[in-house]
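**Student:** Structure for this input, please:
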Amino acid sequence: MENFTSNKVGIWFDFKIQPENEWMKFFDKLENANISECFINANANQLDYLISLTKNYNFNIHGWIWTLNRPYDEKCSKNLDWYSVNKIGQSSYEYRPYVDYYQWLSPFSEGARDYIKGNISKIASVDGLSSVHLDYVRYCDVFLPKNLQKYYSINQTHEFPEYDFGYHINGRKSFKDMYGVDPINIDDAELSNEWKQFRCNAVSSLVKELKAIAKNKNKKISAAVFPYPEMSREMVRQDWSSWDLDIVCPMNYHHFYDRDIDWISDSVSKGVKYKKSDGMYLSGLFLGALSPLKLEEAINLCLKSGANGVCLFNDECLKEEHIKVIKSFRL
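**Tutor:** This is a model prediction of the structure:
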């Protein structure tokens with residue numbers, strides 16, 4: 001089995017209210033598994049608390065935040081003009097494709113952008129945090145992965161207007177000012193591609209502003225993204241190739257795409273070339289779809305294809321047999 005001395009293993013998990021000794025048992029488990037990167041879905045106070053508990057561990061704590069998808073957010077629900085709009089004019093506040101927790105803000109809304117920047121600033125202000133970790137920094141899925149289409153009994157043979165978001169009035173106006181056409185009326189293929197990129201650019205410009213906030217507070221910026229830029233641009237209007245992230249965690253969840261484990265290697269190869277020169281590419285692996293033997297194979301494939309390590313989704317699927325596999329790799 002191959003050794004990797006400079007590579008990292010991370011894991012995503014949610015904060016939960018539990019006694020301190022339960023947290024310490026959990027962190028002992030992660031340390032025993034040679035996991036060093038903790039991507040935690042928590043608010044600033046919760047992150048501060050966990051950082052205080054882990055001072056004697058060799059962990060890097062990353063503040064995982066839902067960026068543009070803000071379900072059940074009371075502040076947002078009082079500002080309905082912040083929400084993303086699909087091609088037939090439905091607001092993401094009321095119309096939630098696929099799942100109830102899809103309530104997307106629009107990167108074209110200045111109010112939404114200011115709110116998101118405020119959220120990031122709070123997380124970035126936490127002492128001892130390694131990075132602000134952006135998730136859902138994209139639009140609603142234009143296309144679901146193949147296996148999820150089966151799950152929801154959808155057959156997305158082309159772009160359906162109800163799933164095609166980014167038609168906020170501000171975005172439409174800006175595009176029309178630049179190109180002379182309201183994007184709702186585009187019937188030209190070349191202009192259609194310009195509109196796709198225009199929406200990608202709105203997200204990318206937001207990420208640039210969020211990076212500046214994090215850097216100003218001496219924090220790195222990381223993100224969970226779709227597998228590789230060509231796919232992410234097409235499926236969710238996410239052009240992460242231009243983001244220059246300190247840590248990029250592409251979610252290489254092979255079973256979502258109805259592919260075998262070799263697909264992970266192909267995805268890493270396609271995405272790792274866009275890694276920042278001094279940054280890290282941690283290949284996201286879906287633990288629930290990987291037996292211990294398959295996890296070992298997947299880690300090897302990721303490393304051989306140029307990844308700096310892996311990030312596991314999520315802690316609830318982390319079995320003792322998985323831990324034995326991870327420990328067999330020298331970190």
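**Student:** so how far is E162 from Y49?
**Tutor:** Computed as Cβ to Cβ, to the nearest Å, the Y49 to E162 distance reads 42 Å. Heads up, the C-betas are built off the backbone N, CA and C, glycines and all.
**Student:** again with Q149
**Tutor:** Taken as Cβ to Cβ, the span from Q149 to E162 is 14 Å.
**Student:** Regarding the most centrally placed residue in the chain, which helix or strand does it belong to?
**Tutor:** Nearest residue to the geometric centre of the chain (Cα atoms, centre = their mean): A224, 2.5 Å. Per DSSP states H and E: A224 is located in strand 220-225.
**Student:** Dump the C-alpha coordinates for that strand into PDB.
**Tutor:** Extracted C-alpha coordinates of strand 220-225, given in PDB (Å, rounded to 0.1, in the frame of the first residue of the first chain):
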ATOM      1  CA  LYS A 220      -7.800  31.000   4.200                       C
ATOM      2  CA  ILE A 221     -10.700  30.400   1.900                       C
ATOM      3  CA  SER A 222     -11.900  26.900   1.000                       C
ATOM      4  CA  ALA A 223     -15.000  25.500  -0.800                       C
ATOM      5  CA  ALA A 224     -17.000  22.400  -1.500                       C
ATOM      6  CA  VAL A 225     -17.600  22.400  -5.300                       C
END
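**Student:** Quickly run through the sheet partners of that strand, with directions.
**Tutor:** Applying DSSP bridges, strand 220-225 is found paired with strand 131-135 (parallel), strand 247-250 (parallel).
**Student:** Please state the offset of the helix or strand immediately after it in the chain from the chain centre?
**Tutor:** Note on strand 220-225: by DSSP H and E, the next helix or strand toward the C-terminus is helix 229-236. On the basis of Cα atoms, centre = their mean, to the nearest Å, helix 229-236 is displaced by 13 Å from the centre of the chain it belongs to.
**Student:** Packing partners of helix 229-236?
**Tutor:** helix 262-272 (3 or more Cβ pairs under 8 Å, 6 or more residues apart in numbering; DSSP states H and E).
**Student:** Tell me which helix or strand comes right after the helix it packs on.
**Tutor:** Immediately after helix 262-272, counting by DSSP H and E, sits strand 280-286.
**Student:** packing partners for that following strand?
**Tutor:** Using 3+ Cβ pairs under 8 Å, 6+ apart, strand 280-286 sits against strand 8-14, strand 247-250, helix 262-272, helix 292-304, strand 309-313.
**Student:** Off-centre distance for that strand?
**Tutor:** The answer for strand 280-286 is 11 Å, by Cα atoms, centre = their mean.
**Student:** cool, stretch 254-262 as well?
**Tutor:** 19 Å.
**Student:** Could you do stretch 166-183 as well?
**Tutor:** 27 Å.
**Student:** tell me which residues of that stretch are tucked away?
**Tutor:** Using 16 or more other Cβ atoms under 10 Å as the test for burial, stretch 166-183 gives G166, Y167, H168, N170, G171, R172, F175, V181, P183.
**Student:** Which of those residues sits closest to E190?
**Tutor:** V181 (11.4 Å; Cβ to Cβ).
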